[in-house]
Each structure stands twice: as structure tokens, then as C-alpha cells.
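>>> Next comes the sequence, and after it the predicted model I'd like to discuss.
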Amino acid sequence: MAKTKNKPYGSIKFQNIDQYHNAFSEPVKTRLNEIRDIIQQTAPQAEECISYNIPTYKLNGNLVHYAAFKSHLGFYPAPEAITLFKKELEPYKTSKGAIQFPFEQELPVGLIKRIVQHRVQVMQHKI
């Protein structure tokens, strides 16, 4: 499903999230737009930008990042969020700071919302 026109880590330096999304094929772009919508609805006060050449949302620092890869969408909510949601994340491949949502599965919208809500609370108290 995830055939890309360009790779997120290559010669392209993305200037904004729309440019990043448009670098991918339609099925991948659709998935990228899904996670973008979830984040925007859950954290409307967060600022959208490109950081590390991937889509990023900031709220008193990095809130969350995401990126498209060959067979999955990477979601980066910070290590403490992955630890906190460890049980709910068992169906997915995770690492210290990343979650992989396979393209062949629906995005776990409720789980992503809860993770973003948690990150908003953490970042609002960071001031």
C-alpha cells in the first residue's frame, strides 16, 4: 500500500506539513491526513511545523511527531507516553520513543486521542 514518490529522509527538505504529505502516494497521504486531523482535533492549540524533517506539533516544546514509512505510520509521542500506554500499545510494535501503526490496519483513533490528550496535559504543565 505504501508506495512513496519520495522518502521523508532524502534530498527533500520539507517546508511544511502539506508539502510532506504531498510527497507520498494517495493511500499514504490519506493515512497522514487522518493522523493530522486526529491531532488537530485533540490539540487545536498546538502549533504545526516540520521538525527533524517530519510533521511535528508543538505546545511548550515537542508535543508529538509522525512520519510515513514503507509499511507503517510512525508516531512519536515521547517515551513517557509509550510507557504510560504500554498495555494498550501491545498490539503494535513500539520502541523507547516510537509506535508503528501498520498501514493494513485502521488507525486506533481513540488511543491516539488519549495519547495526545496526555501529552497536552504534560506539556501544559511544563511552563
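Everything's here; your move.
>>> alpha carbons only for contacts and neighbour counts from here, please
Fine.
>>> Check the spacing between Q40 and I112 real quick.
Distance, Q40 to I112, by CA to CA, to the nearest Å: 12 Å.
>>> Surely K93 and I99 touch.
Yes. In this structure, K93 is within contact of I99 by CA atoms under 8 Å, at 6.0 Å.
>>> any shared contact partners between these two?
Here K93 and I99 share no contacting residue, scored by CA atoms under 8 Å, 6 or more residues apart in numbering.
>>> of those two, who's got more company?
Each of K93 and I99 has its neighbours counted (other CA atoms under 10 Å); I99 has more, 21 against 12.
>>> Give the full set of residues in contact with that one.
Contact analysis of I99 by CA under 8 Å, 6+ apart lists 74-76, 82, 89, 92-93.
>>> So what pairs up with it in the strands?
Assessed by DSSP bridges, I99 has beta-bridge partners F75, T94.
>>> Number the chain from 16, please
That works, and once the first residue is 16, the last one we named lands at I114.
>>> N77 pairs with what?
Beta-bridge partners recorded for N77 (DSSP bridges): K73.
>>> which stretches of this structure form helices?
In the chain, the helices defined using DSSP state H lie at 32-37, 41-57, 94-99, 124-139.
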